[in-house]
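*Asks:* A structural model of the following input is requested.
(chains A and B)
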Amino acid sequence: MKEFKYVITDPEGIHARPAGILVKQAAGYKSAVKIAKGDKSADAKRIFGVMGLGVKTGEEITVTVEGEDEEQAAAELEAFFKENL
Amino acid sequence: MMTISGKSVFGGVAIGKLMFYKRNEKVIKRTHVDDVDAEWQRFVAAKDKAVSQLKELHDKALEDVGEANAMIFEIHQMMLEDLDYLESIENIIRSQQLNAEYAVATTADNFAKMFSAMDDAYMQGRAADVKDVSERVLDILCGVSDGMQEMTEPCIIAADDLAPSETVQLDKSKVLGFATMYGSSNSHTAILARTMNIPAVIGMGEELKQEYDGKLSIIDGFTGTLYIDPDNETMTKMQDKRSKDLEQKALLEQLRGKENVTKSGQKINVYANIGNVSDLGAVIKNDAGGIGLFRSEFLYLENTDFPTEEQQFAVYKQVAETMAGKKVIIRTLDIGADKQVDYFGLDKEENPALGYRAIRICLTRPEIFKTQLRALYRAAMFGNISIMFPMIISMKEIHKIKEIIAEVKDELTREGIPFRDDVELGVMIETPASVMISRELAKEVDFFSVGTNDLTQYTLAIDRQNSKLDEFYDPHHPAILAMIKMAAENAHAEGAWIGICGELGADLELTEEFLKMGLDELSVSPAMVLPLRKRIRECE
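*Replies:* Numbering: from 1, shown residues only, chains lettered A, B, ... in the order given. You can find the predicted model right below:
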């Protein structure tokens, strides 16, 4: 299992657009991808779950990736967050 | 004639028949099904059809309104393919043996409720998206065709509110304007109306009645008014307004995107003055290079109590975002003198123009000032905001302002709230004192903006409200021009830039003189931006 933390810098937080792009990206991996904020967590492949977290700017999330392509998925997702959120 | 007011989201005048958008009413019944596999498959087929319709809409929107606005239809597709959404529907069909329509309607309600319960206005608004996509599936399941009866002639579309999918599907060549009962200026309909240049008035409430369907009406998108069965006088007035608007648009077409540059190549920025968020449309429409003066007073004048930091933040952010990186100069509150607000509890003064107003209130009641500064520094993250302080007469005031700004930044840092550190700061040059110390002031700030109305009143000692003094009043008085020249020289000597945001900036007789003084910017009312650009391009 791979895990990384990230603090959202996008002033809008994870709003509809980046949530959509994130779900598309996560859906491309065989591994399970979870996003957690505080004690709430969501499947990153599900748009309602991701939007339902209501992640705002300045908040920290923890992303966990588990499965056969976890190395690659975690690295790519971390890069994705840095670039888009 | 009936007159209904709402909120304008896009200026322009539209005259034509009102047509109420009719949705096909569906009654969702809860029925028991025996063959749950077949029922699930019926849902899957409807959902797939809805997704492919959304793909088409996405492509259509891509052409009409661009990628950023079209993305919503891609998100809608994802919502329909979302596993939580699908699992909920499948669960209702299979375990409760209920029909697909009921399963979709119930699931849509639950997800919409989840969004409505979130503590964020943006996310609350997404409840409408869930309902919109679910309605599409329901339409297919119930076998009703979505949308509008064919429009045979161009109409003004009226509705309770329009979903983005409904707006984008309308035949644009037949839509003269939009009039809705509900919706916010951030709704997709409002955004699309602005992108498509269609006059639109929203939020008219119950006043807008179904019975007006088919009646001749006029939308005045500038004032946010809808006239039903207009009388002759109104009709003539509006036709006139419409042709003036079209003339202005024709001028815009010629001058849009052109530089504010003289024949010899001297450039000057032309910005717009605004007093409310609703003026933003006019700023964009008239192709202003930025906002040279955003009077923040309306936030205080329109409220019955001090506007909160969040209220102010939302407004400043909206302005910064709408201007998309162009300069937005926001003047801190300028209450007092002729602008009185009850809840400030100001004493009646013998001589209010020389009294307790503007920065003098801010510096003696720092809690009011700090709330505004916090909102401004936070909103500056979303665009190119500069802050400007009114009624400055001394260096002491500048030092005090900077101390308060440092406190505000410290507080925001400690609270972990993101803000922009390097916001450009400027002062209004509107007192003779500020002109006389302009060399010193220029060392402390990034820019000057000359408020010619007050500067004239204070320099000539003439009360402009008093019409008896008209014969003594000379807006082109050499003393005023000498003051502007002096401030400009001092600004440039210390590396600051200088503009004018008072009425004199729009005086086309003085444009050439201002160019000679080397002013960097003129900020005028939105409607004057293009005539001024025209004048600049004629200068040598």
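
*Asks:* any idea how far the residue sitting furthest away from the middle of chain A is from residue A:30?
*Replies:* Distance from the C-alpha centroid of chain A peaks at residue A:68, with 18.0 Å (Cα atoms, centre = their mean). According to Cβ to Cβ, to the nearest Å, residue A:68 and residue A:30 sit 5 Å apart. The way it works is simple: take the backbone N, C-alpha and C, and place the C-beta from them, glycine included.

*Asks:* Same question for residue B:228.
*Replies:* For residue B:228 relative to residue A:30 (Cβ to Cβ), the value is 60 Å.

*Asks:* Wait, a strand at the residue farthest from the centre of chain A?
*Replies:* No: the assignment for residue A:68 (DSSP: H, G, I helix; E, B strand; the rest coil) gives coil, which keeps it out of a strand.

*Asks:* confidence score at it?
*Replies:* As predicted, residue A:68 sits at a pLDDT of 89.

*Asks:* Same check on residue B:45?
*Replies:* For residue B:45, the predicted pLDDT is 93.

*Asks:* follow-up on the earlier one: which of residue B:228 and residue A:30 has more neighbours?
*Replies:* residue B:228 (20 against 10; other Cβ atoms under 10 Å in any protein chain shown).

*Asks:* Please name the nearest non-neighbouring residue to that one.
*Replies:* Nearest non-adjacent residue to residue B:228, counting by Cβ to Cβ, 6 or more residues apart in numbering or on different chains: residue B:2, 4.1 Å away.

*Asks:* quick one, what contacts that neighbour?
*Replies:* B:212, B:227, B:228, B:229 (Cβ atoms under 8 Å, 6 or more residues apart in numbering or on different chains).

*Asks:* one more time with 10 Å, if that's ok
*Replies:* B:207, B:208, B:209, B:212, B:215, B:217, B:226, B:227, B:228, B:229, B:230 (Cβ atoms under 10 Å, 6 or more residues apart in numbering or on different chains).

*Asks:* and residue 11, what pLDDT?
*Replies:* Since you didn't name a chain, this refers to chain A. 79.

*Asks:* actually chain B
*Replies:* Confidence score, pLDDT, at residue B:11: 78.

*Asks:* Relative to chain A, how far out is it?
*Replies:* 27 Å (Cβ to the nearest Cβ, to the nearest Å).

*Asks:* Do I have it right that that residue meets residue B:225?
*Replies:* No: applying Cβ atoms under 10 Å as the test, residue B:11 and residue B:225 come out as separate, 11.7 Å apart.

*Asks:* Spell out which residues of chain A are next to chain B.
*Replies:* By Cβ under 10 Å from any Cβ of the partner chain, the residues of chain A that approach chain B are A:7-9, A:11-17, A:19-21, A:23-24, A:27, A:42-43, A:45-59.

*Asks:* Try it again at 6 Å.
*Replies:* A:11, A:16-17, A:20, A:23, A:46-49, A:52, A:54, A:57-58 (Cβ under 6 Å from any Cβ of the partner chain).

*Asks:* Okay, and which of the residues you listed map to helices?
*Replies:* Per DSSP state H, helices hold the following members of those: A:16, A:17, A:20, A:23, A:47, A:48, A:49, A:52.

*Asks:* Of those residues, just say which sits nearest to residue B:110.
*Replies:* Among those, residue A:48 lies closest to residue B:110 (Cβ to Cβ), at 10.1 Å.

*Asks:* and that closest one, how many neighbours does it have?
*Replies:* 22.

*Asks:* can you tell me which residues contact it?
*Replies:* B:82, B:84, B:111 (Cβ atoms under 6 Å, 6 or more residues apart in numbering or on different chains).
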